Each structure stands twice: as structure tokens, then as C-alpha cells.
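Visitor: this one's structure only:
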């Protein structure tokens, strides 16, 4: 099998793991995780996160640790364009990011079973790792983010380079995650009126594709009053078309593609939605995401936000309401 793309450049001096402290003559370990990250130009923003969060000092300890290191390109996608942007971000946010990307223990991801969304736990909460075969490659993801460089060794653990900054989950229940997302307040109210809040706060896991307020308005549920006046059973039927009884990150669909670039997903109401993979223009043969359609949608429904993790599931935000064939 081909291995995944290796983007972490290991300096030649790492071949000699220990040098001597000029002042004391004592050996100094130059291959600690903190040093590996600091000396790599592709991880400069994450190095700044470790410094500000206090994790840089912790990662000098014996460990072992496993660190999920977002590349500088990943931080750029999240709005952190350079190390300086870390200094201007609220310290509590940087601290949460720093802790969520560090696991106590040595996790060789290449030895995980071939399964979707295996639960791990970092210093900042739950994580879900997938190891799967895609074509001739073995692909690893964490919370739906691709692992670009796997099991890079350090003297006190491993570094895994990933293509997206992981967002620490703040809510144990999906209902709270939905309520906290300001762009879907009408969908949140519809869940409350329909009585489905109790369902999505169950053991789960669940995945929700939540239409924005603009999408709900275009559908005809433009106000809280209109939602409250809608027949509860009709409202419940509509909303169940947006809920999956499973945990699904967007990259899960890319990994499970059978070569047709299409997939189907059964929803809570029994209907099946169609999924189309979106080609990645920067990577021939690769995919950057998905679009979806309900049985009654005549055009693609796009994702605006994805992979918002909660304790009992995942929340995605979409730009249209999914429709059944009867709508």
C-alpha cells in the first residue's frame, strides 16, 4: 500500500538526538516533541499555539505524548494566517486548541483497526479516529481531518500532522450545539416545537444537517410564529429528514465512496438522501467535500459549516432545506 503524503520535514540533526548543554555539560535531548515542532517551518503557527497555551513546556516532559499538529495551511483555513495571529486571539481559545491537540500516551495511528470513528481522548476531550483503505492508500482521519504525516517519532512520543485545526467540542448535547449556532435559530426553534430535542439529546450518536435561517425562510418557515403554527407532525417529518442516527464526518463519505463519486445516506424518517463528492481542483483524483440532495430537491444543497463535534454527535450547517418527494 502507498503511505500517506509526508509533509513534515525532519531536520538532519535529529539523527543525533542528544547534544550537550554548553553550560553544564549535561546531555540535552534535541528530539523532544516541542523541539521537533519548533524546528519545522510548516508548523510555525502551531508552535506559537503551544507556547501561548503552556503546552510547549509540558511537551518537554518525559511523556509519552501524541501530538496532532495542524499544518500552517490548516491554520490559514481557520483564520490564523501567521504566528502573530495567535498572540491576538483570546488566551482561553488558544489554550483550548493547545490542549485538544495533545494526547497523553503514545498512539501509533497506523496500528489502529480499520474502523470508522474510534474514540480517543485528548487533554481537551473526545476525538474520533478513522483508519480506512481508499484505493491503494491507507487513510487516517481525526474528527474528519486528514492525517498528512503519521507517527513521526520523537524521543517523548509521536507527532501526527493534520490538514485542519480541530475545534474542541463545547457541548455534551447536540441541542446545545444547535442553540449556540446563531445562523440556525429557526431550525433550533423547530426542533423544540416538534419535540425532537429529546431525541437528539439521547444516547446517540446523531448527525444533523441544519438549514440556515435564510434556507428556512425560503422554505416558508420565516418566523418563530410560523413555526409554532405549523402542524407538529408535519414539522417532525421535515426535521427527521435532516437527522442521521450515526456519527458522520464529511470525510467519512469520501472514504466510503465505491468509485462512483456518489453515495446515499438513510435519514431518521426513512428517506434516503443523495451525496455527491466534490472534486478537489488542487489534487487530481481527490475530493474536497460533498453536496447533498433530498428526494425532493432539484438542486445541490451545499455545506456552509461542517464537522462541529458535540458529545453525542456532529452538526453540519447547510444552505437549503432537504425535501422529501412529497414536498
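Guide: Received the coordinates, thanks. This is a predicted model, so every value here is computed, not measured.

Visitor: Now do the helix or strand where residue 178 lies: which elements does it pack against?
Guide: Taking DSSP states H and E as the definition, residue 178 sits inside helix 174-180. The contact analysis (3 or more CB pairs under 8 Å, 6 or more residues apart in numbering; DSSP states H and E) places helix 174-180 against helix 185-194, helix 197-200, strand 206-211, strand 301-310, strand 313-318. For glycine as for every other residue, the C-beta is placed from the backbone atoms N, C-alpha and C.

Visitor: tilt between the fourth one and strand 206-211?
Guide: So that's strand 301-310. Interaxial angle, strand 301-310 versus strand 206-211 (axes from the mean of the first three to the mean of the last three CA atoms, to 10 degrees): 140 degrees.

Visitor: Pull out the buried residues from strand 301-310.
Guide: By 16 or more other CB atoms under 10 Å, the buried positions in strand 301-310 come out as 301, 303, 306, 307, 308, 309, 310.

Visitor: and that strand, average pLDDT?
Guide: Taken as a whole, strand 301-310 carries a mean pLDDT of 95.

Visitor: Okay, now the sheet partners of that strand, with direction.
Guide: Here strand 301-310 is paired, per DSSP bridges, with strand 287-293 (antiparallel), strand 313-318 (antiparallel).

Visitor: Pick out the shakiest of these, pLDDT-wise.
Guide: strand 287-293 (a mean of 93).

Visitor: which residues are in contact with stretch 165-178?
Guide: Contact with stretch 165-178 is made by 68, 70, 74-75, 77-78, 80, 96-97, 99-101, 124-127, 142-143, 145, 180, 184, 187-188, 191, 197, 200-201, 204, 206, 208, 210, 307-313, 315, as judged by CB atoms under 8 Å, 6 or more residues apart in numbering.

Visitor: for the residue positioned nearest the centre of the chain, what are its contacts?
Guide: The centre of the chain sits closest to residue 143, judged by CA atoms, centre = their mean, with a distance of 3.8 Å. Contact analysis of residue 143 by CB under 8 Å, 6+ apart lists 127, 128, 166, 249, 307, 309.

Visitor: hmm, try it at 6 Å
Guide: Applying CB atoms under 6 Å, 6 or more residues apart in numbering to residue 143 gives the contacts 127, 128, 166, 309.

Visitor: how close does residue 178 sit to residue 220?
Guide: According to CB to CB, to the nearest Å, residue 178 and residue 220 sit 20 Å apart.

Visitor: Mind checking which of these two has more residues around it?
Guide: Per other CB atoms under 10 Å, whichever of residue 178 and residue 220 has more neighbours is residue 178, with 23 against 9.

Visitor: Against residue 269, how distant is the more buried one?
Guide: Separation of residue 178 from residue 269 (CB to CB): 18 Å.

Visitor: Residue 221 now?
Guide: Residue 221 sits at a distance of 17 Å from residue 269 (criterion: CB to CB).

Visitor: Between those two, which is the more surrounded one?
Guide: Relative neighbour count places residue 221 above the other of residue 221 and residue 269, with 23 against 16, counting by other CB under 10 Å.

Visitor: wait, what's in contact with the closest residue in space to that one that isn't next to it in sequence?
Guide: Nearest in space to residue 221, with sequence neighbours left out and distances taken as CB to CB, 6 or more residues apart in numbering, is residue 227 at 5.3 Å. By CB under 6 Å, 6+ apart, residue 227 lies in contact with 189, 190, 193, 221.

Visitor: Which pair of those spans the longest distance?
Guide: The most widely separated members of the contacts of residue 227, counting by CB to CB, are 193 and 221 (10.1 Å).

Visitor: Do you have the strands of the stretch 101-250 of the chain handy? List them.
Guide: For the stretch 101-250 of the chain, the strands defined by DSSP state E, counting those that start in this stretch cover 102-104, 118-122, 125-134, 137-142, 145-154, 157-162, 206-211, 243-244.
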